[in-house]
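In: let's see this in three dimensions:
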Amino acid sequence: MRLQKKTGYSLAANSISLDLLEIVGMVKKIKNPKDRKVYARLEGDIIIGLKNAMLFKLQKEIYTTLAELEKYKKQEISKESRFAIGRIEKEVKRLDKYINDLASIRVPK
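Out: Okay, the predicted model is just below:
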């Protein structure tokens, strides 16, 4: 409730934001069995958290794009369109490999 008052956002919006921050390693949510409140503790490094958030977003978009391209490939389309989709798919897969390589690089301390 305190976070809701400080931010001016709804409980649901704050909950979603805390979930995302927990996924990227910036926050640790803690539940007290004696009450229904959820407590959040800052954790992790902001640079690592930003890196994780960026990678998460990019990987999600790559996955969505590849799924969309698969749908178009199943349709009746011209030879030129099929060729263009193939080239786009190849470049998106290349970008995916690059993003995965970036993900493996450790952030210096």
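
In: which residues does the residue most central in space within the chain contact?
Out: Centroid-nearest residue in the chain, with CA atoms, centre = their mean: Phe56, separated by 2.9 Å. Phe56 sits next to 23-24 when contact means CB atoms under 8 Å, 6 or more residues apart in numbering. (Glycine included, C-beta is placed from N, CA and C.)

In: how far out from the middle of the chain is whichever strand or helix holds it?
Out: Phe56 belongs to helix 46-73 when assigned by DSSP states H and E. Centroid separation between helix 46-73 and its chain, computed with CA atoms, centre = their mean, to the nearest Å, is 7 Å.

In: so where is this protein shaky, pLDDT-wise?
Out: Scanning the chain with the threshold set as pLDDT under 70 gives 1.

In: show me where it has helices.
Out: 2-7, 11-23, 46-73, 79-103 (DSSP state H).

In: what's the first one in contact with?
Out: It refers to helix 2-7. Against helix 2-7 from outside (CB under 8 Å, 6+ apart): 10-11, 14, 40.
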